[in-house]
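A.B. asks: My questions are about this predicted structure, shown below with the sequence.
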Amino acid sequence: MKWALEPADPAAIPRLRRQIMRSLSRRSGAESDLDASELVVAELLSNALSHTTGRAWISLRWEGTHPLLSVADLGPEFPIASYPGLIDADGSLLPRLPDDLLAEGGRGLYLIAHLALDVAVAPRTTGGSVVSVILDLRR
């Protein structure tokens, strides 16, 4: 499944989150933690809207045991150099809290990394970044 997120439409985030979660809940087994996955989805969508100036594309594939959710944007490439120790050489996210624990932001990627089975960040060849997560859900 695929969706687009327009940069000037913050009201689209809850609507899109509900659509994605409906799709996931229809395919998930009874033991799946949909609440944790919904938090991951919400953080990814919020980050895409907050940190980019252009459209973002969201794709959801469930070909194996767990679903793969990817968010691609046209904004600036994810500033890996700005986050030393947060992303390894393979593009995998290494979870950590912000240095200032009382800061307004900086917890989204930490939450995503702890609630998803795997997280990867990669630059797009056409500009922007792709953040992909394997959600901790089973069929």
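C.D. replies: Great, that's in hand. Residues are numbered from 1 along each chain as shown.

A.B. asks: going forward, measure contacts and count neighbours with C-alpha atoms only.
C.D. replies: Fine.

A.B. asks: Just the buried residues of stretch 34-42, please?
C.D. replies: 34, 36-42 (16 or more other Cα atoms under 10 Å).

A.B. asks: and Arg138, that one's in a helix?
C.D. replies: No: applying DSSP: H, G, I helix; E, B strand; the rest coil, one finds Arg138 to be coil, outside a helix.

A.B. asks: Now do it: how many residues are near it, please.
C.D. replies: 17 (other Cα atoms under 10 Å).

A.B. asks: That one contacts Leu24, doesn't it?
C.D. replies: No: Arg138 lies out of contact with Leu24 (Cα atoms under 8 Å); the separation is 9.6 Å.

A.B. asks: just checking, Leu111 touches Val40?
C.D. replies: Yes: Leu111 is within contact range of Val40, at 7.2 Å (criterion: Cα under 8 Å).

A.B. asks: before we move on, the earlier item: and the furthest pair within the buried residues of stretch 34-42?
C.D. replies: Leu34 and Ala42 (12.0 Å; Cα to Cα).

A.B. asks: Measure how buried Pro14 is and give me the count.
C.D. replies: Pro14 has 14 nearby residues by other Cα under 10 Å.

A.B. asks: Give me the nearest residue to the spatially most central residue of the chain, chain neighbours excluded.
C.D. replies: The residue lying closest to the centre of the chain (Cα atoms, centre = their mean) is Leu44, at 3.2 Å. With sequence-adjacent residues excluded and distances taken as Cα to Cα, 6 or more residues apart in numbering, Leu44 is closest to Val71, at 7.1 Å.
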